[in-house]
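1. This is the structure alone, sequence omitted:
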């Protein structure tokens with residue numbers, strides 16, 4: 001391992017980790033911040049991403065030895081005491097493990113969908129700006145065997161630090177791509193023979209009565225506004241039946257129920 005001690009919060013070698021909350025690296029020159037041991041395990045095995053460095057708390061180093069041996073041998077591993085690491089990050093890092101990595105390339109939605117097998121499930125996210133929900137949906141997608149995730153341009157970046165953490169690294173496992181508009185998503189998936197179903201409290205069919213198609217695109221919208229009416233008018237709609245007087249769930253919880261129902 002390429003171990004480097006950092007004793008000064010102003011050390012330029014740790015500049016990528018400065019004030020993470022204020023200047024998160026998601027979406028900046030293709031870089032992002034990953035946090036925690038489990039996420040690092042995923043990162044080091046994900047061919048789509050290139051880890052650039054790790055910043056670890058000195059007292060956590062011994063427990064990370066096996067994980068860090070999976071990283072590229074020349075990758076810098078910066079080691080700092082708690083006070084220095086907290087000052088660099090701008091808040092208390094209780095997990096004591098951070099990494100900066102880069103996407104090797106942006107996934108093209110057309111190529112990604114064309115590469116999927118004859119049986120496939122693809123969650124499609126429209127207007128989801130909450131990082132916790134996006135991270136949780138990626139976790140559900142990995143748990144129930146979804147093949148990819150598509151997002152429209154109004155969704156937050158799945159590689160935002162909090163989204164990756166909530167996903168427990170699944171945002172680094174499940175392939176994803178972003179398309180400019182929801183309408184373009186419908187056109188793309190139609191070209192590739194997907195049955196497109198929108199999850200909505202006003203859905204015409206109870207999800208228990210919906211037959212899982214061979215190729216499914218499952219649309220999920222933001223809590224509150226839901227999916228746009230013009231989009232719903234183009235898709236089949238299903239609902240999750242609930243007790244009288246209650247009509248909706250958190251979108252991440254709803255995605256888990258729907259993906260379990262439609263999993264291949």
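-> Yep, that arrived. A quick note: this is a predicted structure, and the numbers were derived from the prediction, not measured.
2. Okay, domains of the chain per the record?
-> Domain ranges of the chain: 2-103, 109-262, per automatic domain parsing.
3. Can you tell me which of the ones you listed is packed in deepest?
-> Highest mean neighbour count of the domains of the chain: domain 109-262, a mean of 18 (counted as mean count of other C-beta atoms under 10 Å). From N, CA and C alone the C-beta is placed, and that goes for glycine too.
4. Quick one: mean pLDDT over that one.
-> The pLDDT scores in domain 109-262 average 94.
5. That one: how far from the chain's middle?
-> 12 Å (C-alpha atoms, centre = their mean, to the nearest Å).
6. again with stretch 53-63
-> Per C-alpha atoms, centre = their mean, the centroid offset for stretch 53-63 relative to its chain is 24 Å.
7. what residues does it touch?
-> Applying C-beta atoms under 8 Å, 6 or more residues apart in numbering, the contact partners of stretch 53-63 are 3, 6, 14, 16-17, 37, 40, 64, 68, 71, 75-82, 85, 88, 93, 95-100.
8. can you check stretch 145-153 too?
-> So stretch 145-153 is contacted by 109, 112-113, 116-117, 120-128, 137-138, 140-141, 158, 174-182, 184-185, 188-189, 217, 259, 263-264 (C-beta under 8 Å, 6+ apart).
9. Of the residues you listed, which belong to helices?
-> Within the contacts of stretch 145-153, residues falling in helices by DSSP state H are 109, 112-113, 137-138, 140-141, 182, 184-185, 188-189, 259.
10. ok, the residue nearest to residue 87 when sequence neighbours are not counted - contacts?
-> Residue nearest to residue 87 in three dimensions, not counting chain neighbours: residue 9, with 4.0 Å by C-beta to C-beta, 6 or more residues apart in numbering. Residues in contact with residue 9 (C-beta under 8 Å, 6+ apart) are 84, 87, 88.
11. sec struct for the second one, please.
-> This means residue 87. helix (DSSP: H, G, I helix; E, B strand; the rest coil).
12. Check what pLDDT it gets.
-> At residue 87, pLDDT is 95.
13. And the helices in this protein, which stretches?
-> Using DSSP H, helices in the chain cover 37-45, 65-68, 82-89, 109-114, 131-143, 161-166, 182-191, 229-232, 251-262.
14. Same list, the ones you listed, but as a markdown table with distance to residue 150 please.
-> A markdown table is the format used below for those (distance: least, C-beta to C-beta, whole Å):
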| stretch | distance to residue 150 |
| --- | --- |
| helix 37-45 | 21 |
| helix 65-68 | 31 |
| helix 82-89 | 32 |
| helix 109-114 | 6 |
| helix 131-143 | 11 |
| helix 161-166 | 16 |
| helix 182-191 | 6 |
| helix 229-232 | 13 |
| helix 251-262 | 13 |
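15. Sweet, I'm off.
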